[in-house]
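Asks: sequence unknown, structure follows:
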């Protein structure tokens, strides 16, 4: 998965997040014929979504009625959060001599990042589809990204000032009931170009915490250019009691993970 080895997992369904890749082996042990492979979106948001089904046909060679229409499958529900989560938590890395899982117990820095869908005023002469004509704006630790006119990497390597701030926080600005009623907190986020600086060879634990702002949903999280171990996930607000449940033995090593809708 995502170019890294996993322990073999026998399953009759997959949960794949946008941005993920999987290599799947299919065991052709059924009676020769034509079989549907069916794909549906996983929906756990209150926002409007496309719930169309797409199908492919898995076809055996040999002698049988090739014109027969494949039987339809009984699909998992679009909103079946339990099965979606159960598939993901079964993924395990090899953690073998040739492919060890390393760096899981030498953490030197802890970072907590809240993930929200906020609202911003609609830009002048634009039409926005948010509540009361506002603009949806995703945020991390209540900071929405402002795209600078110069590449951040270009500014870094050429020591160009005024392009970004290296003050992205290691934790949210304040603690609240992330998955509870947040209506009294307001929906606006601070808009800026912020960078979190990490030392070379530093081993970092990042905890992503979903919130109840906006149209919360299962959303892919990706660290551009880096793979990472997923040692645990769950619903609701994180608690320190969950640490004992971390998989630090053979967690999957991937480049993208779906952050569960945490309400």
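Replies: Received it, and whenever you're ready, just let me know what you need. In this text, all values refer to a predicted model and were calculated from it rather than measured experimentally.

Asks: and the longest strand along the chain, which strands flank it?
Replies: For the chain, the strand that runs over the most residues, judged by DSSP state E, is strand 109-120. Next to strand 109-120 in the sheet, as set by DSSP bridges, lie strand 135-140 (antiparallel), strand 204-210 (parallel).

Asks: poorly predicted segments of the stretch 101-250 of the chain, please.
Replies: Counting by pLDDT under 70, the stretch 101-250 of the chain shows low-confidence ranges at 184, 215.

Asks: in it, which spans are helices?
Replies: 152-157 (DSSP state H, counting those that start in this stretch).

Asks: roughly how far does residue 151 sit from residue 195?
Replies: According to Cβ to Cβ, to the nearest Å, residue 151 and residue 195 sit 12 Å apart. C-betas here are computed from N, CA, C, even on glycine.

Asks: picking up where we left off before, and the strands paired with strand 109-120: which comes nearest residue 61?
Replies: Of all the strands paired with strand 109-120, strand 204-210 sits nearest to residue 61, with 45.9 Å by Cβ to Cβ.

Asks: quick one: contacts of the closest one?
Replies: With Cβ atoms under 8 Å, 6 or more residues apart in numbering as the test, strand 204-210 has contacts from 107-115, 172, 178-179, 198, 216, 219, 221, 228, 237-238, 259-263.

Asks: hmm, what's the outermost residue in this protein?
Replies: residue 63 (43.9 Å; Cα atoms, centre = their mean).

Asks: go ahead and confirm that one touches residue 32.
Replies: Yes - if you go by Cβ atoms under 8 Å, residue 63 and residue 32 touch, sitting 7.4 Å apart.

Asks: shared neighbours, these two?
Replies: By Cβ under 8 Å, 6+ apart, no residue touches both residue 63 and residue 32.

Asks: give me the phi and psi for the residue farthest from the centre of the chain.
Replies: phi -100, psi 110 (degrees, to the nearest 10).

Asks: and what of the one 10 residues further on?
Replies: Per-residue torsions, residue 73: phi -90, psi 150 (degrees, to the nearest 10).

Asks: in the sheet, who's paired with the closest residue to it other than its chain neighbours?
Replies: Excluding its sequence neighbours, the residue lying closest to residue 73 (Cβ to Cβ, 6 or more residues apart in numbering) is residue 38, at 5.2 Å. Note on residue 38: beta-bridge partners residue 55, judged by DSSP bridges.

Asks: which residues touch residue 38?
Replies: 53-55, 72-73, 75.

Asks: now, of those residues, which are buried?
Replies: The neighbour count (16 or more other Cβ atoms under 10 Å) marks nothing among the contacts of residue 38 as buried.

Asks: turn the residues you listed into CSV, including distance to residue 189.
Replies: Listed next are the contacts of residue 38 as CSV, based on distance: Cβ to Cβ, whole Å:
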residue, distance to residue 189
53, 36
54, 35
55, 40
72, 44
73, 42
75, 37
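
Asks: list just the nearest of these to residue 132.
Replies: Looking across those and measuring by Cβ to Cβ, the closest to residue 132 is residue 53, at 34.5 Å.

Asks: mind checking pLDDT for the closest residue to that closest one other than its chain neighbours?
Replies: Leaving out its chain neighbours, the residue that sits closest to residue 53 by Cβ to Cβ, 6+ apart is residue 40, at 5.2 Å. Note on residue 40: pLDDT of 86.
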